[in-house]
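[1] Sequence and predicted structure, then a few things I'm wondering about:
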Amino acid sequence: MTFEKTPGWLDWYQGPSKPTFKVPAGAVDAHCHVFGPGDEFPFAPERKYTPCDASKQQLYALRDHLGFSRNVVVQATCHGADNRAMVDALVNSGGKARGVATVRRSVSDAELQAMHDAGVRGVRFNFVKRLVDFTPKDELVEIAERINKLGWHVVIYFEAVDLPELWDFFTALPTTVVVDHMGRPDVTKPVDGPEFELFVKFMREHSNVWSKVSCPERLSVSGPPALNGEQNAYRDVIPFARRIVETFPDRVLWGTDWPHPNLKDHMPDDGLLVDFIPHIATTPELQRKLLVDNPMRLYWPEEK
Ligand SMILES: O=C(O)/C=C(\CC(=O)C(=O)O)C(=O)O
């Protein structure tokens, strides 16, 4: 099947630079995606965007180029609840990738077990309205209870303004809960203002809540973008990510978010995105926790 990309779609950056920052041995890129390829793994009819192809081979070449050892491949909404592309990436990773799926309540126990055997360790609940249609909360609760029995966790994606409304639902989840991209703060607001304080409170009061301190390229308003050798990219995001890393050093994860779905104004050089890491995790100990210890504890606990 041939797909036409959403108008204005930006393809991932070709020929990323070699990072200046050397990630610690065993580092995990804990948030990335594969797209298709569409002719092998068709995009879902209910998708809100049609991306370029971004294959497992291209993802794993990037992993090696950036110096990472492993990946966590997160189901992208353009594949809906058809997890075949993501699972195919896991089973062809030589044990170096684990995954996060999207499932509906109709998923069978046998399907969940097959995904577990392939390396899936979580499900993603997406509340970003431009990406997905609404799923009733009772369906999500039912899924959370079922996957909890497999020892999986729930990844949640939402925007900061929606946290108050979602608070009761999130805080009742029975699993570890991993927030994508720090709950998408508005970084033009103060880092100690009420909106981000609510997110900090969410993590402080609930020790099962973790955060990915990823996607400065999505959150930044002032830039400058990670392009053309820029070593001080996305300065406005740094105080937010640094605060989370320093306050909750044992509950943070980092990922490239390659191939960067839906970016509208630029596509970052992934090598320079890696160079962003020491700005938010400023010591070797914080870097080791962020990139190795925490993702290993969550995704490869049997190796710890
Ligand atoms: O890659 C991300 O995490 C963020 C996305 C895309 C997404 O979540 C998806 O398609 O599944 C976004 O903000 O558009």
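    Yes, it's here. Residues are numbered from 1 along each chain as shown.

[2] all contacts plus neighbour counts: C-alpha atoms, from now on.
    OK.

[3] wait, Y49 sits on H79?
    No. Assessed by CA atoms under 8 Å, Y49 is found out of contact with H79, at 9.9 Å.

[4] higher neighbour count, these two?
    H79 (26 against 20; other CA atoms under 10 Å).

[5] what about P7, how many residues close to it?
    P7: 9 neighbours (other CA under 10 Å).

[6] how far away is it from the ligand?
    For P7, the distance to the ligand equals 15 Å [CA to the nearest ligand atom, to the nearest Å].

[7] Where does that residue fall, secondary structure wise?
    Assessed by DSSP states H and E, P7 sits outside every helix and strand.

[8] Show the backbone phi and psi for it.
    phi -50, psi 140 (degrees, to the nearest 10).

[9] Isn't V274 up against P24?
    No. Taking CA under 8 Å as the definition, V274 is not a contact partner of P24, at 11.8 Å.

[10] Mind checking which of those two has more residues around it?
    V274 (23 against 17).

[11] So the closest residue to G151 other than its chain neighbours, which state does it fall into?
    The shortest distance from G151 to any non-neighbouring residue, by CA to CA, 6 or more residues apart in numbering, is to R121 (7.4 Å). Of the three states, R121 takes strand under DSSP: H, G, I helix; E, B strand; the rest coil.

[12] R121: neighbouring residues, count only.
    A total of 23 residues lie near R121 under the criterion other CA under 10 Å.

[13] Ok, N228 next?
    10.

[14] before we move on, what about T20?
    Residue crowding around T20 was assessed by other CA under 10 Å; the count is 13.

[15] State the pLDDT value of it.
    What the model reports as pLDDT for T20 is 98.

[16] In which helix or strand does it reside?
    Per DSSP H and E: nothing holds T20, as it lies in no helix or strand.

[17] Tell me, how many residues neighbour the residue of the chain found nearest the ligand?
    Relative to the ligand, the nearest point of the chain is A76 (3.3 Å; CA to the nearest ligand atom). A76: 25 surrounding residues under other CA under 10 Å.
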